[in-house]
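Student: build me a model:
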Amino acid sequence: MTRRGLMVRVRFLAGVFVSSLVPIAVLPAAAEILNPPVLQDDRAPIAKPALTELAPAASLPGNTLPVRGDRLLNLKIEYIDNQIYNLSTGGYDKVHLRGYTGKGVDPKAPYVSPTIEAVPGDTVRVTLDNQLPAGPQPGDPGCMPGGQMPDIPHCFNGTNLHTHGLWVSPSGNSDNVLLSINPQTQFTYEYNIPSDHPSGTFWYHTHRHGSTALQVSSGMAGALIIRGNRLPTPTTHGDIDTLIPTSAIPERVLVMQQIQYACRAPAAKPGELGPIKQDINGHYFCDPGDAGGIEGYDQFGPGTWPASGRYTSLNGKVFNSNDPLKATQGQVERWRMVHAGVRDTISLQFFKVLDGKLKPGVKTLLNADTNAAFIKDTCSTTPVPYTLVAADGLTMAAAQPTKLATFQPGYRFDALVVFPEAGRYCVIDSSAPKSGVVSGLDVGPQLLALVDVAPGTAVDNVETYVNRKLVALAEANMPANVKATVVADLKAGMKFTSFTPHPDVTDDEVKGNGTQELTFFIDTTGPNTKFEVGNTLNTADVKPYDPTRIDRSLPLGKAQEWTLQSHFVSHPFHIHVNPFQIVSIIDPNGKDVSAQGAIDDAGGEPYDPQYAGLKGVWKDTLWIKSLIPQSLPAGFSGIYTIKVRTRYERYIGEYVLHCHILDHEDQGMMQNVAVVLPDQVGDITQSGAMQMQMDGHDGHK
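Tutor: The predicted model follows:
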C-alpha cells in the first residue's frame, strides 16, 4: 500500500465524515459562492446609434457601459499558479494551470473564466493574447500544421476561441475554430451579433483541435450572456428577459467545471511526462510541494473523472461547507447553468438537509468513496422541484417543472428556482443509469454545494407558486396589446408562446431539400483506437477527422432533417452556428421517449429523465444514446435514433460538428461542414452530403 493509500482512511464521526489524519481547525467565516466576474472593456466602447427594430434598452446589470456599441475585450492566456480546495483532505492543493485573465477578474478565483455580456446588435471584439510558452513541452508533439497530425493530441499551448451557441459567422475573424493562435501570438476575434439574435445563456471556450480537452479542463471556459430587452408585440416575439427582469427575479450564473488536475512522479526520460500519482484506489493525490497540472491525455478517458477523486466546481469553487450559496425562502431566482466540463454527466437535484446535520461551523471532509453514504445520512430523500425555462440558451415553448435535469458536456439550462422552506439544502449531482452518463459506469452521487436559505415568504406548492409569480409579472410589465395573450398562455401550462426565438421547422419547409445522416463510432479493432464520424446510419463510411476535407455541404437558406445515431457507446452531438429542433427520439424498442412525461424503459434500463420533454425543443448539443453492448440481450441493438431539423440561415462558410466529449473531438470525432449557396450542393437525394476537396484547405490556418 502506498503512503497515500494509508492516508485516505475515513471514519464517521457525529454525522460528518472527517479524515482520520486531518485535524479540525478553527473555521473561517462563511463565504458565499458568487457569480463569476464580468469581463470589462479595456477602454470605453464606441457607441452605436439605436436601431429602429430594437425597443429602448436598459443598461447591463452591474455595468456602466452604453447599451449598444463596439465592445473591446482582452483575454490573456497564461499559466496561473493558485490553489483548489480538496474536499478529501480539507486543505488546498497548489495547481499550475493554463487560464484566462482579463480586466475585472478576481486573481484569487482564477479558474472560472469571466462572463462576457452583450446585447443584440453589439460588435464584440475579443483580443486573445497567448502568453503560454513556445517551444517543446513534455508529452506535447507541438503545433505542426493540422493536416500532419490531425487526430492525436498536440499543440497544448496553441489555442483559439469558440462562442458556443452564438448565431454568428463561422468565417474569418468571427467564430472561426479552424485558426490556431500559437504561443506568443495575439489575435482579435470580432463577433457581429445580429440585432435579431436570441437572448440567452451561451458560453465560450478554447477549441484548438488537438488541445481542446486539455485547455477546457484547466478552466478555460466562461459564460456568455446575450441580454435582451425586446418586448413582445401582437406580431413579433420578445425576450423572456422582459418577463423575468433581474429587478424582480435575481440571477445566479453557475459555471460547472471538472478540473482534473494531477500531480506526477518524475519522468523516466527527458521530454516525457512522469506517471500520475495515484493511491491504491486510483484516486489522484499530491505530495507536499507538488503543484497539480493538466499536461497529458492520460488524464482523460473512460472512468478517469470519477476515479480521479476530483470534484465538480461551481464558479471555480469546489464544495466546502463554509462556502455556501445564499438564498431567501420564497424568492424566485433565475439560475443560468452551464456544463463547462469535458466528459462527465451532471444530474442536478436539490434536497433539504436533515435536522441536526451539516451545522454551520462544522468542517466536512469527503472522498470519492464516501459521498453516497454521507449524502444518505445528511440529505432528505424528497427532491425540491424547479422549473426549466430555456435549453442551450433558447427559451422553451413552455416551462417544464422537473426534479432532475441532466447536463451533458456543453449543455445549458436556465431554471426558475425557489426554496420553499428556510434552512440548508444539498445541491446534488445524483446517480444516473450508466447508459445515461459519459463514463458508462454506475457513478454514485456527489455533493456539489450547499444553499443557506434565510426565512422569507412561505411556499405552498413550488409549481403553482412560480406560475403565480410569472402571471403577476406579466400583468405588471407586459404591454397592453399582448398582456392578455401572455397571461392566458402562462395560466394554460406556463407557455412562453410570445417569447420563443425560432418558429417550428415544418414538414413543408424540409420537403425536397435532402436529408443528413450521422453516425458516431469508436473503432477499437486495430492497434490504435479510432474516433470517427460517418454520413450514413451504419459504420461503412465512418472516418476520423481530416482538416483538409469538407464532409458535408449544406444549402444556404434552406432547412433539412438530420437523423443521428451512435454505434458504439453514447456521445453528445454539437454543431456550430445554427441550432436544431428535436423532432423525435426513438428508443431501441421503437418508442418516442422525447414527449413530456415519457418513460425510457428500453431493454429494462432504469428510468432516464434526460429525454422526456425534449420534443420540439431547440438545442445546439444533444446526447446521442447507445446502450452499453455488454448489458444487451442477443439481437438487441441498443441504438437510439434521433431526428432533428435545422435551418442554414444568413451565414456561409466552414465550421465543425463533433462529439462534445472533448478528448474524443481532439482524437478525431469531428467533421468539417460548409454552408454554401444552394447551387453548389451536389445531389440532394443523397443522405450523406457531397464531399468536397478544396485546394489549399487547411484546418488550422
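
Student: and the lengthiest helix in the chain, what does it pack onto?
Tutor: Using DSSP state H, we find that the single longest helix of the chain is helix 462-477. Packing partners of helix 462-477 (3 or more CB pairs under 8 Å, 6 or more residues apart in numbering; DSSP states H and E): strand 386-391, strand 394-402, helix 480-491. Any C-beta I mention is one placed from the backbone N, CA and C, and that applies to glycine too.

Student: tell me the most buried of those?
Tutor: Highest mean neighbour count of the helices and strands packed on helix 462-477: strand 386-391, a mean of 24 (counted as mean count of other CB atoms under 10 Å).

Student: contacts for the longest helix of the chain?
Tutor: The contact list for helix 462-477 (CB atoms under 8 Å, 6 or more residues apart in numbering) reads 242-245, 248-249, 330, 332, 384-387, 399, 401, 416, 418, 420, 459, 483, 486-487, 490-491, 494.

Student: tell me which helix or strand the nearest residue to residue 113 once chain neighbours are set aside sits in.
Tutor: Spatial nearest neighbour of residue 113, excluding adjacent residues (CB to CB, 6 or more residues apart in numbering): residue 222 at 3.1 Å. Residue 222 is part of strand 221-226, with elements assigned from DSSP states H and E.

Student: and the residue nearest to residue 113, how many neighbours?
Tutor: 28 (other CB atoms under 10 Å).

Student: and it, what pLDDT?
Tutor: Residue 222 is assigned 96 on the pLDDT scale.

Student: tell me what it is bridged to.
Tutor: residue 204 (DSSP bridges).

Student: what separates it from residue 338, distance-wise?
Tutor: Separation of residue 222 from residue 338 (CB to CB, to the nearest Å): 8 Å.

Student: common neighbours of those two, please.
Tutor: With contacts defined as CB under 8 Å, 6+ apart, the residues shared by residue 222 and residue 338 are 203, 255.

Student: from the chain's centre, how far out does the longest strand belonging to the chain sit?
Tutor: Counting residues, the longest strand found in the chain (DSSP state E) is strand 69-86. Chain-centre distance of strand 69-86: 18 Å, with CA atoms, centre = their mean, to the nearest Å.

Student: check which residues of it are buried.
Tutor: By neighbour count on 16 or more other CB atoms under 10 Å, the buried set for strand 69-86 is 69-77, 80, 82, 84-86.

Student: could you give the angle of that strand to strand 221-226?
Tutor: Relative orientation of strand 69-86 versus strand 221-226 (axes from the mean of the first three to the mean of the last three CA atoms, to 10 degrees): 150 degrees.

Student: tell me what strand 69-86 is packed against?
Tutor: When contacts are defined as 3+ CB pairs under 8 Å, 6+ apart, strand 69-86 packs onto strand 46-47, strand 91-101, strand 123-130, strand 317-318.

Student: who touches the longest one?
Tutor: When contacts are defined by CB under 8 Å, 6+ apart, strand 91-101 is touched by residues 22, 75-86, 107, 110-111, 113-114, 132, 157, 215, 218-220, 222, 259, 261, 286, 290-294.

Student: list the buried residues of stretch 101-119.
Tutor: Going by neighbour count (16+ other CB under 10 Å), the buried part of stretch 101-119 is 101-103, 105, 109-119.

Student: how far does that stretch sit from the chain's center?
Tutor: Taking the mean of its C-alpha atoms, stretch 101-119 sits 17 Å from the chain's own mean (CA atoms, centre = their mean).

Student: and that stretch, average pLDDT?
Tutor: 86.

Student: make 2 the first number, not 1, from now on.
Tutor: Happy to do that; since the first residue is 2 now, the last one works out to stretch 102-120.

Student: just the CA atoms of that stretch, as CSV, please.
Tutor: The C-alpha coordinates for stretch 102-120 follow below in CSV (Å, rounded to 0.1, in the frame of the first residue of the first chain):
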residue,chain,number,x,y,z
THR,A,102,-7.0,36.6,-17.2
GLY,A,103,-8.7,39.9,-18.0
LYS,A,104,-9.9,43.2,-16.7
GLY,A,105,-12.0,42.8,-13.6
VAL,A,106,-11.1,39.1,-13.0
ASP,A,107,-10.6,38.1,-9.3
PRO,A,108,-7.0,36.9,-9.1
LYS,A,109,-8.0,34.8,-6.0
ALA,A,110,-10.5,32.8,-8.1
PRO,A,111,-8.9,32.4,-11.5
TYR,A,112,-10.2,29.0,-12.5
VAL,A,113,-13.5,30.2,-13.7
SER,A,114,-13.3,32.4,-16.8
PRO,A,115,-15.0,35.8,-16.6
THR,A,116,-18.5,36.2,-18.0
ILE,A,117,-18.9,38.1,-21.3
GLU,A,118,-22.1,40.1,-21.6
ALA,A,119,-23.5,41.7,-24.8
VAL,A,120,-26.8,42.8,-26.3
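
Student: so is residue 158 in a helix, a strand, or just coil?
Tutor: coil (DSSP: H, G, I helix; E, B strand; the rest coil).

Student: how about the contacts made by it?
Tutor: 99, 131, 133, 134, 135, 138, 141, 144, 183, 184, 212 are the contacts of residue 158 under CB under 8 Å, 6+ apart.

Student: which residues does the residue nearest to residue 114 contact?
Tutor: 37, 40, 101, 113-117, 204-206, 256, 341.

Student: tell me the one of the residues you listed nearest residue 668?
Tutor: residue 206 (17.7 Å; CB to CB).

Student: run a quick neighbour tally on the closest one.
Tutor: Residues within reach of residue 206, counting by other CB under 10 Å, total 24.

Student: now swap in residue 661 and tell me
Tutor: There are 28 residues near residue 661, going by other CB under 10 Å.

Student: so it is in contact with residue 409, correct?
Tutor: Yes. Using CB atoms under 8 Å as the test, residue 661 is close enough to residue 409 to be in contact (7.2 Å).

Student: find residues that contact each of those two.
Tutor: 573, 622.

Student: show me this structure divided up by domain.
Tutor: What automatic domain parsing lists as the domains of the chain is 47-229, 508-694.

Student: reformat those as CSV; add distance to residue 448.
Tutor: Formatted as CSV, the domains of the chain follow (distance: least, CB to CB, whole Å):
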stretch, distance to residue 448
domain 47-229, 8
domain 508-694, 20
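
Student: identify whichever of those lies nearest to residue 454.
Tutor: With CB to CB, the closest approach to residue 454 among the domains of the chain belongs to domain 47-229: 22.2 Å.

Student: now stretch 34-44: buried residues?
Tutor: For stretch 34-44, burial by neighbour count (16+ other CB under 10 Å) applies to 34, 35, 36, 37, 38, 39, 40, 41, 42.

Student: now stretch 541-558
Tutor: Buried residues in stretch 541-558 (16+ other CB under 10 Å): 543-557.

Student: go on, stretch 131-139?
Tutor: Neighbour-count burial for stretch 131-139, counted by 16+ other CB under 10 Å, picks out 131, 132, 133, 138.

Student: can you give me the strands in the stretch 402-551 of the chain?
Tutor: Counting by DSSP state E, counting those that start in this stretch, one finds strands in the stretch 402-551 of the chain at the ranges 406-408, 413-418, 424-430, 447-455, 516-524, 531-535, 550-551.

Student: same deal with the stretch 102-251 of the chain?
Tutor: Applying DSSP E, counting those that start in this stretch to the stretch 102-251 of the chain gives strands spanning 117-119, 124-131, 163-165, 186-193, 201-206, 222-227.

Student: make a markdown table from these and add distance to residue 505 to it.
Tutor: Below are those laid out as a markdown table (distance: least, CB to CB, whole Å):
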| stretch | distance to residue 505 |
| --- | --- |
| strand 117-119 | 27 |
| strand 124-131 | 30 |
| strand 163-165 | 24 |
| strand 186-193 | 27 |
| strand 201-206 | 18 |
| strand 222-227 | 22 |
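
Student: closest to residue 566 out of those strands?
Tutor: Residue 566 sits nearest to strand 163-165 of all the strands of the stretch 102-251 of the chain, at 23.3 Å, using CB to CB.
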